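[1] Next comes the sequence, and after it the predicted model I'd like to discuss.
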Amino acid sequence: MLGYRKVIISAWLGGMLISQGVGYAEPLTNGRVVDTERSNIQSNIQSDSLVSIKTNIDKVLSQINEKEQEIQKLDTKIVTLMEEIKRYENDIKLKEEDKKKLEEEIKELQEKVDKVNNILKNRLKAYQMGYYDNQGLSLWIKVIFSAESLSDLVDKLHASITIMKADKELMDSYNSMKKELEEKQNDLDIVIRELSNHVLGLDMKCYDLEDSKKQIQKDIADLNKMKKDLEVKYKEEYMRLVKLQEEELKKKMEGVIQTLTSDETDEKVKVLIEEALKYQGVPYVWGGVTPEGFDCSGYMQYIFRSVGVELPRLSIEQKDVGLQVPLEEVKAGDLIFRYGEETNHIGLYIGNGLYIHAPRTGDVIKISKYNPSYWDVATRVFYTQEDVEKYMSNVSMGEGVE
């Protein structure tokens, strides 16, 4: 019988227990550790090395986030500058169109000025140098001699002077208009130059922002590489610790096997633990009460039937069955409970610092390391008179099974 038990327990240990793990935290997901067992945080792998690596990963993630926010701010500034540049370029285009119109007006006016100027030059030359007709008489002499009377002479001289004066006024008017247009053109040149310089300045700002953005993107790439290296390091360290934990579990399970094969252990406890170990790997199912799937209390209720004990359905009720014992003095076959706002959980202590339970949705029945500081209550279903006398002050309202 004892040899048979050792073979069965060893087979369960090698074939199911180690493959299922012991409630460790899973590897990194997006740089963060995922706690797969909320109801048993003490069973997660904890070490200064993992904490240090995770802290560094969190720092790198924080830096990446800050850098990405900086890029967003730079992109916003660049878009704003590009819009401003676009407005200035539109202004330059309008000013250049105005300048083009002025150049056309100046050109037309210059043609008029040139025509008038040619007329005036010829006329002035005739006035200054004298203009002789076919009879060899100058224009002025001709005007004088052609006058029929003094009054007619005065009229002709006045008409000539008036024409000369009108020509001069016309010329002055054209020159004034030309000067005004040229001044407007010069003003537009100044405005266009200032606008162009402003656009150039905005372009330089954009270039500077783009350079800053490229540097930040390089920083992000370096940080992502650092994060990747840290994640690899974390995984390697995690797997190393998993291996150590598995080796520790093997050793602890040897103690459990000794308990199950010891003559000092109650036979019902041996049967109970053997029954419990059969269902390692069975998925957690909320409300489950069969080997197809168990929740924590349904699992306890099912395995206790193998030893003739009918536990209540709910863990809060199961707590009242048996003799309450100190969490530090639990032994194989004792039930352990935790209660809180988010947690109502129960497990079976199997000895040597281990317990078995159905943890939560998405998980499976498995063995975990026991930490009394995490649990609230422990009860002994298979208690003795000696236990009653020792723990009398902790007897619960329910009746135990002797």
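    It's in.
[2] hey, let's count contacts and neighbours off CA atoms from now on
    Will do.
[3] Measure how far the helix or strand harbouring K77 is from the centre of its chain, please.
    Under DSSP states H and E, the secondary-structure element containing K77 is helix 48-129. Offset of helix 48-129 from its chain centre (CA atoms, centre = their mean, to the nearest Å): 36 Å.
[4] pLDDT on it, on average?
    Mean pLDDT, computed over helix 48-129, is 83.
[5] all strands of this protein, in order?
    Along the chain, the segments classed as strands by DSSP state E run 26-29, 32-34, 289-290, 293-294, 323-325, 335-339, 344-351, 354-357, 366-369, 377-380.
[6] Of these, which is nearest Q215?
    strand 32-34 (26.6 Å; CA to CA).
[7] top helix in this protein by residue count?
    helix 150-261 (DSSP state H).
[8] domain parsing for this protein?
    The chain breaks down by automatic domain parsing into domains covering 2-44+262-394, 59-228.
[9] Can you list the low-confidence ranges for the stretch 151-300 of the chain?
    Under the criterion pLDDT under 70, the flagged ranges of the stretch 151-300 of the chain are 152-161, 163-164, 167.
[10] How about the contacts made by the nearest residue to G347 once chain neighbours are set aside?
    Once its chain neighbours are removed from consideration, G347 has its nearest residue in H357; the separation is 4.7 Å (CA to CA, 6 or more residues apart in numbering). H357 makes contact with 296, 299, 346-348, 365-368, according to CA atoms under 8 Å, 6 or more residues apart in numbering.
[11] Please repeat the previous calculation with a cut-off of 7 Å.
    H357 makes contact with 296, 347-348, 365-367, according to CA atoms under 7 Å, 6 or more residues apart in numbering.
[12] could you check the distance from the residue nearest the centre of the chain over to N371?
    A centroid search over the chain (CA atoms, centre = their mean) returns N65, at 5.6 Å, as the residue closest to the centre. According to CA to CA, to the nearest Å, N65 stands 37 Å off from N371.
[13] And for N344?
    Distance of N344 to N371, computed by CA to CA: 16 Å.
[14] same thing with L188?
    Applying CA to CA, the value for L188 to N371 is 85 Å.
[15] same deal with V381?
    Taking CA to CA as the criterion, V381 is separated from N371 by 20 Å.
[16] More neighbours: which of the two?
    Neighbours were tallied for V381 and for N371 using other CA atoms under 10 Å; the higher tally belongs to V381 (24 against 16).
[17] can you count the residues close to L244?
    Applying other CA under 10 Å, we find 12 other residues in the vicinity of L244.
[18] change the start of the numbering to 507 and stick with it
    Sure thing, new numbering starts at 507, so read that last one as L750.
[19] Now do the longest helix of the chain: which elements does it pack against?
    For helix 656-767, the elements it packs on are helix 508-518, helix 554-635, judged by 3 or more CA pairs under 7 Å, 6 or more residues apart in numbering; DSSP states H and E.
[20] Leaving out sequence neighbours, find the closest residue to E602.
    Counting by CA to CA, 6+ apart, the residue nearest E602 is I698, at 7.3 Å.
[21] who's Y861 bridged to?
    Y855, S874 (DSSP bridges).
[22] Burial check on it, number of neighbours?
    Under the neighbour criterion other CA under 10 Å, Y861 is assigned a count of 23.
[23] Do I have it right that it meets F843?
    No - no contact is recorded between Y861 and F843 when judged using CA atoms under 7 Å, the distance being 11.5 Å.
[24] intersection of neighbour lists for the two?
    Listed contacts common to Y861 and F843 are G853; contacts here mean CA under 7 Å, 6+ apart.
[25] And the residue nearest to G853, what's its pLDDT?
    For H863, the model assigns a pLDDT of 96.
[26] same thing with the one 10 residues further on?
    Per-residue pLDDT puts I873 at 91.
[27] my guess is it contacts A864, does it?
    No - proximity of I873 to A864 does not meet the contact threshold set by CA under 7 Å, at 9.0 Å.
[28] Who has more neighbours out of those two?
    A864 (31 against 28).
[29] The residue lying closest to the more buried one once chain neighbours are set aside and L694: what is the separation?
    Residue nearest to A864 in three dimensions, not counting chain neighbours: I871, with 4.3 Å by CA to CA, 6+ apart. For I871, the distance to L694 (CA to CA) stands at 85 Å.
[30] The two: which has the busier surroundings?
    Counted by other CA under 10 Å, I871 and L694 do not tie: I871 has more neighbours, with 28 against 18.
[31] contacting residues around F843?
    Residues touching F843, when contacts are defined by CA under 7 Å, 6+ apart, comprise 851-853, 881-884.
[32] Got phi/psi on the residue nearest to A864?
    phi -60, psi 130 (degrees, to the nearest 10).
[33] what residues are up against it?
    Neighbouring residues of I871 by CA under 7 Å, 6+ apart: 785-790, 863-865.
[34] Now, the residues you listed that are in helices?
    Within those, no residue falls in helices by DSSP H.
[35] Same list, the residues you listed, but as TSV with distance to E589 please.
    Compiled in TSV, the contacts of I871 are given as follows (distance: CA to CA, whole Å):
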residue	distance to E589
Y785	68
Q786	66
G787	63
V788	63
P789	60
Y790	59
H863	64
A864	62
P865	58
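[36] Most neighbours out of the residues you listed, which is it?
    Using other CA under 10 Å as the neighbour test, the contacts of I871 are led by A864, with 31 neighbours.
[37] Isn't that one up against V870?
    Yes - taking contact to mean CA under 7 Å, the distance of 6.0 Å between A864 and V870 places them in contact.
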